[in-house]
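>>> I would like the atomic coordinates for the input below:
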Amino acid sequence: MIPTSTVRRLAQGLCVATLGISLVGVAQAAGCADARERESLTVRSLQTDLMVAALSCNVRDDYNTFVQRYRPHLSGHGHALRRYFQRAYGPRAQRALDRYVTELANQASQVSNADRTAFCAQTAASLNMLLAATDREGAHVLASLAAGGSGASLRDPAPSCDALTRR
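Prediction:
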């Protein structure tokens with residue numbers, strides 16, 4: 001027979017271990033991005049590629065037209081992005097967001113420098129599709145291009161909340 005004190009210690013250890021696993025799940029969930037936030041992350045990546053293209057590929061006018069035309073969509077995605085970083089990083093949210101945006105720009109610049117011709121062709125095609133879209137199609141085209149990774153590369157710092165709940 002196992003002494004009561006041993007059973008009690010084992011039960012306490014099991015509770016602590018279970019609590020620890022639960023807290024890890026909560027911490028992961030706090031950093032996960034829901035569908036809207038994930039879309040906003042990919043839109044920001046595409047927007048950054050287009051911004052770098054404006055400078056590297058001399059398509060400033062097209063980029064400025066894109067920003068003006070898609071301002072409501074970009075603003076909405078910007079709000080979702082800030083909410084995600086606030087939830088995931090708390091008081092360090094602004095620093096983490098600034099670091100993420102800077103990293104996006106640095107990576108896009110590296111891709112541009114590695115093969116300017118391909119980068120400019122790819123981003124020009126994306127800009128052309130965005131500018132050719134009707135107002136009704138605009139949000140869908142923006143989200144589709146971003147989700148398809150038609151920017152220089154798809155960069156995503158967050159696990160999907162869906163992936164965490166399927167475990």
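>>> nearest spatial neighbour of residue 97, skipping sequence neighbours?
residue 85 (4.3 Å; Cβ to Cβ, 6 or more residues apart in numbering). (C-beta placed from N, C-alpha, C; glycine too.)
>>> Just give the number of residues close to that neighbour.
A count of nearby residues for residue 85, using other Cβ atoms under 10 Å, gives 25.
>>> Kindly report the same for the one 10 residues further on.
As a burial measure, the neighbour count of residue 95 was computed by other Cβ under 10 Å and equals 11.
>>> Please apply the same query to residue 94.
Around residue 94 there are 12 residues (other Cβ under 10 Å).
>>> what's the spacing between the nearest residue to it once chain neighbours are set aside and residue 71?
Spatial nearest neighbour of residue 94, chain neighbours left out: residue 85 (7.6 Å); criterion: Cβ to Cβ, 6+ apart. Distance, residue 85 to residue 71, using Cβ to Cβ, to the nearest Å: 21 Å.
>>> Check residue 86 too.
Separation of residue 86 from residue 71 (Cβ to Cβ) stands at 22 Å.
>>> With neighbour numbers in mind, choose between these two.
In terms of neighbours (other Cβ under 10 Å), residue 86 is the more surrounded of residue 86 and residue 71; the figures are 15 against 10.
>>> So which elements touch the host helix or strand of that one?
Following DSSP states H and E, the helix or strand that holds residue 86 is helix 71-89. Packing contacts for helix 71-89, counted by 3 or more Cβ pairs under 8 Å, 6 or more residues apart in numbering; DSSP states H and E, involve helix 4-31, helix 35-56, helix 93-114, helix 135-147.
>>> and with 10 Å instead?
helix 4-31, helix 35-56, helix 60-69, helix 93-114, helix 135-147 (3 or more Cβ pairs under 10 Å, 6 or more residues apart in numbering; DSSP states H and E).
>>> Only C-alpha atoms, please: export stretch 86-96 in PDB.
Provided in PDB are the C-alpha atoms of stretch 86-96 (Å, rounded to 0.1, in the frame of the first residue of the first chain):
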ATOM      1  CA  GLN A  86      -1.300  44.100 -28.500                       C
ATOM      2  CA  ARG A  87      -2.800  40.800 -27.500                       C
ATOM      3  CA  ALA A  88       0.300  38.800 -28.300                       C
ATOM      4  CA  TYR A  89       3.000  41.100 -26.900                       C
ATOM      5  CA  GLY A  90       1.100  43.300 -24.300                       C
ATOM      6  CA  PRO A  91       3.200  46.200 -23.200                       C
ATOM      7  CA  ARG A  92       5.900  45.300 -25.800                       C
ATOM      8  CA  ALA A  93       3.400  45.500 -28.700                       C
ATOM      9  CA  GLN A  94       4.600  48.600 -30.300                       C
ATOM     10  CA  ARG A  95       8.200  47.600 -30.200                       C
ATOM     11  CA  ALA A  96       7.400  44.100 -31.600                       C
END
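>>> This completes my enquiry, with thanks.
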